[in-house]
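Peer 1: A structural model of the following input is requested.
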Amino acid sequence: MSLLTSLIRASTQFQQAMERRQTPSTAPEAAPGKAQAKAMETEPTPGDDRFTPSDSSQADLARLKARRLAMADYKQTVGQDLAFVRETLRHKLAEYNLHPATALNVSKTENGSVAVEGKIADNTRIQIEKDLNVNKNFKEAFNRLSVNEPTLHFMDNALKLNQAYGVNNPLLDTLISENQQFNGLQDLVHRYDSLRRNAGAVSTTPVNTARDYGLSFNARA
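Peer 2: Predicted coordinates for the structure are as follows:
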């Protein structure tokens, strides 16, 4: 359901509720028979959907689920890998006598290897690239970043918009499980990656995946 549809429905429900509450102060007291009939009309009957949770209630449930996310833990996990990657690059710059403020662009190629770009001599760049590709710990950390960081970035932005403007993101609500046991970072990453792949399968617009992941580093920062 789009945000516009939700707003229209909420406005209609609010207007109907106000109309039911407004009664003229000069209106004669209703007859007992009419009062009884009115009471019968307002009693819920099978199939009556007037007591179905409203869009606002569903939005409150979505916000409650989002507040249960362990964002601090997720950020710490991603931050550890990010710090390790940056530290490894800092040592590489020092090893090849390059300025510590040299910016490097690190990305994944089609075959999953690490590619390095930067304003450095080509032979030095190729050697650094080779060093990183034989560094098992570096490749594992970078591979984790390629799937964890985009998911965390999406969730963080969605939650900030929710807190600032009260706008719920349906995709975020889809990612979060009702069972908190299934809201670990890897659970969320798996669901987010699946949604992105499905979106790419039905859309003519390319959707970035872990294979397209890349980062720009200034190792001294």
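Peer 1: can we go C-alpha only for contacts and neighbour counts from here?
Peer 2: Fine.
Peer 1: Give the buried residues for stretch 76-94.
Peer 2: Under the neighbour-count criterion of 16 or more other Cα atoms under 10 Å, stretch 76-94 has 77, 78, 81, 82, 85, 86, 89, 90, 92, 93 buried.
Peer 1: Okay, and which of those residues map to helices?
Peer 2: Of those, the ones assigned to helices by DSSP state H are 77, 78, 81, 82, 85, 86, 89, 90, 92, 93.
Peer 1: Distance to residue 71 and pLDDT for the buried residues of stretch 76-94 - can I get that in TSV?
Peer 2: Compiled in TSV, the buried residues of stretch 76-94 are given as follows (distance: Cα to Cα, whole Å; pLDDT from 0 to 100):
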residue	distance to residue 71	pLDDT
77	10	94
78	11	95
81	16	95
82	16	93
85	21	94
86	22	92
89	27	94
90	28	93
92	32	95
93	33	94
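Peer 1: quick one on the thing from earlier: which single one of the ones in helices among the buried residues of stretch 76-94 is nearest to residue 184?
Peer 2: Taking Cα to Cα as the measure, residue 184 lies nearest residue 77 of these, at 11.2 Å.
Peer 1: what's whichever helix or strand residue 127 is part of packed up against?
Peer 2: Assigned by DSSP states H and E, residue 127 falls within helix 122-133. Here helix 122-133 touches strand 114-118, helix 136-165, going by 3 or more Cα pairs under 8 Å, 6 or more residues apart in numbering; DSSP states H and E.
Peer 1: what's the angle between it and helix 136-165?
Peer 2: If you take axes from the mean of the first three to the mean of the last three Cα atoms, to 10 degrees, helix 122-133 sits at 90 degrees to helix 136-165.
Peer 1: What residues of helix 122-133 count as buried?
Peer 2: 125, 128, 129, 132, 133.
Peer 1: For it, which outside residues touch it?
Peer 2: With contacts defined as Cα atoms under 8 Å, 6 or more residues apart in numbering, helix 122-133 is touched by 92, 96, 113, 114, 115, 116, 117, 118, 138, 139.
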